[in-house]
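Q: okay, sequence plus prediction incoming.
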Amino acid sequence: MCGIAGYLDKGGGKVEVGRLVLRMLEALGSRGPDSAGVALYAERPGGELVLRVKLGEDGRPEMYVPRVVEQAGKAGQVRQAQQTAEYLWLTLDSREEPRQLERAIESAGPGVEVVSMGRQLEIIKQVGSPQNLDATYAISRFMGSHGLGHTRLSTESRIDLSHSQPFWAHGYPDLAVVHNGHICNYHKLRRIYEQQGHRFYTENDSEIIGMYLAGRLGEGLSLRQAMDASMGDLDGSFSYLAATPGEFGFAKDPFAFKPLLYAETEGFVAVATEEIALRAALGGEYEAREAQAGEVRVWQR
Amino acid sequence: MAEIDCQGRTTRQINAAIKEFIAQGESQVLLHNPAARHNLGVGIVQSARLEFAGSVGYFCAGMSAGPTVEIQGSAGWGLAESMMEGRVVVRGSAGNGAAASVRGGTVVIHGDAAARLGVSLKGGLVLVGGSCGYMAGFMAQKGTLVVCGDVGEAFADSMYEATCFVGGRIGDLGNDAVIKEPTARERAKLEALLSEHLPGRPNPDFKKVVSGRKLWNFNKQERALWREAL
């Protein structure tokens, strides 16, 4: 099962994207109660890097805050650092290579993980329902241009924060993915990536999609081209959404095993596993269409 | 006309309310705020008219026998699944597996149908104003499937016996599907169907697709057939 949702404001301005994605997730809650998460995008006037760091897993997250801040400080100028529950939210000016910066921060302690990094992207996810996520992190107050959401029914890997979605494509700032389905050639692809030196953070097959897209984007492909290419390279059942600061799109496997609908108006694009999510979050007149088998669509902001 | 507001009611309460109104002799029930919820209007076995003022979710009007159901928005997966008789009309588009295993009655989709339309069709008429995805008509046994637009891959695969008409392009034909020219009588019938169910639509130049009947019974020595079918 699992439920995924996404929203893009075509005006590119600041809308209540947090509230909208959350509403959609709540409507999809029955598709998976194990964990919930969002990937939200907002332009920041200062253009500084924003990081969401998961603190250690031993029940004392505050213990790791000074070490993480110290490590981040070595790579740049820390502007703000604020702890909420299991996360440290950091903003900093840094010219450090993203992978190096990530490694430096993660050396602060076992279980410390950079959940998202980018100039616009912020990922917040945790075990439990979308309502819990909002109660802890006030997602519904987040203003931005677009976002993705995921509610999970775990099937083959652990239920914890790291195994939850959305996934940031580690090492590639601002690229996030949510996935519903199963990537059957995950182990084969994983071996290839591991031989290339990539680190996997989870046993979750969905993690590989972001890594795949990041690789393709790194080769110079556009997001659209990368997602088109994924149709041939990923095997299995999938509907996934991917986003960068400038683009937002979906892909559905060639057999249409997993549901996914989208609605587009002059003002917005909304995509969700079930129309029930669109109707719960968005009023007004619009038509929701089931994406066809093998369909890829990408919108620019 | 009886009216039900779906908001604030559970699916079971909505379906019970529909049945209660019909039992009281109401011939028309208007449902507000369906909000794309699943399993609405299922198992109705009387000839009442139900109208949904919006989109519905999965399995709407499934296992029904008799009602006329009109959906003003779109429909999710499994629309009118296993319907025995009656009429289901969707103004928008329908998700995967629409009209699967229908035994009788009419399903009209004004927009597009997604993948696996009318699989295992056992009777009745399925009419799509737009296009449909892959494997429509798979293993259909009886009935008529009409798609005014394009159809996807593996169209009419492994059919026993059913008649399909396609107005647009055929992605590719499934196993043992054969293209034939419609007869003059069939053309007249199609024109009449279109003007009845989708008035104002241009009448395309339909191709007819039927079963080649080679898979009905075949010799296991016919290896080429086995390879093609499996």
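A: Right, received. Where do you want to start?

Q: now do the helices in chain B.
A: The residue ranges that make up the helices of chain B, judged by DSSP state H, are B:11-23, B:184-197, B:223-229.

Q: and the stretch 51-200 of chain A, by the same measure?
A: A:65-75, A:98-106, A:130-137, A:186-195 (DSSP state H, counting those that start in this stretch).

Q: grab the most central residue of chain A for me.
A: A:Pro166 (3.1 Å; C-alpha atoms, centre = their mean).

Q: okay, now the nearest residue to that one once chain neighbours are set aside: neighbour count?
A: Distances taken as C-beta to C-beta, 6 or more residues apart in numbering or on different chains place A:Ala39 nearest to A:Pro166, at 3.9 Å, with adjacent residues excluded. To be clear about C-beta, it is placed using only N, CA and C from the backbone, and glycine gets the same treatment. Residue neighbour count, defined by other C-beta atoms under 10 Å in any protein chain shown, stands at 32 for A:Ala39.

Q: again with B:Arg213
A: For B:Arg213, the count of nearby residues is 13 (other C-beta under 10 Å).

Q: that one against B:Asn175, yeah?
A: No: taking contacts as C-beta atoms under 8 Å, B:Arg213 lies outside contact range of B:Asn175: 11.9 Å.

Q: who touches the residue nearest the centre of chain B in this structure?
A: Centroid-nearest residue in chain B, with C-alpha atoms, centre = their mean: B:Ala99, separated by 3.4 Å. If you count contacts by C-beta atoms under 8 Å, 6 or more residues apart in numbering or on different chains, B:Ala99 has them with B:79-81, B:83, B:107, B:113, B:117-118, B:121, B:124, B:126.

Q: swap the cut-off to 10 Å and go again
A: Going by C-beta atoms under 10 Å, 6 or more residues apart in numbering or on different chains, B:Ala99 touches B:78-83, B:88, B:105-109, B:113, B:116-121, B:124-128, B:136, B:143, B:145.

Q: can you read off the backbone torsions of it?
A: Backbone dihedrals for B:Ala99, given as degrees, to the nearest 10, come out at phi 60, psi 30.

Q: give me the neighbour count for B:Met63.
A: The burial metric for B:Met63, expressed as a neighbour count using other C-beta under 10 Å, is 15.

Q: gap between it and chain A?
A: For B:Met63, the distance to chain A (C-beta to the nearest C-beta, to the nearest Å) stands at 21 Å.

Q: that residue and B:Asn15 touch, don't they?
A: No: distance between B:Met63 and B:Asn15: 11.4 Å, which falls outside the contact criterion (C-beta atoms under 10 Å).

Q: just give the closest residue to the closest residue to chain A within chain B, not the sequence neighbours.
A: Taking C-beta to the nearest C-beta, chain A has its nearest neighbour within chain B at B:Ala36, 3.6 Å off. Using C-beta to C-beta, 6+ apart and skipping residues adjacent in sequence, the residue nearest B:Ala36 is A:Glu275, 3.6 Å away.

Q: what are the boundaries of the strands in chain B?
A: Counting by DSSP state E, one finds strands in chain B at the ranges B:2-5, B:28-32, B:49-52, B:65-71, B:85-90, B:106-109, B:122-128, B:142-147, B:163-166, B:177-180, B:207-211.

Q: CSV for those strands, including mean neighbour count?
A: Conversion of these to CSV gives the following (neighbours: other C-beta atoms under 10 Å in any protein chain shown):
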stretch, mean neighbour count
strand B:2-5, 17
strand B:28-32, 18
strand B:49-52, 22
strand B:65-71, 22
strand B:85-90, 24
strand B:106-109, 26
strand B:122-128, 23
strand B:142-147, 24
strand B:163-166, 24
strand B:177-180, 15
strand B:207-211, 20
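
Q: and the residue in the stretch 151-300 of chain A that chain B sits nearest to, what does it touch?
A: In the stretch 151-300 of chain A, the residue found nearest to chain B is A:Glu275; the distance is 3.6 Å by C-beta to the nearest C-beta. Applying C-beta under 10 Å, 6+ apart, one finds that A:Glu275 lies in contact with A:27, A:259, A:261-263, A:287-290, B:35-37, B:54-58, B:73-76, B:92, B:95.
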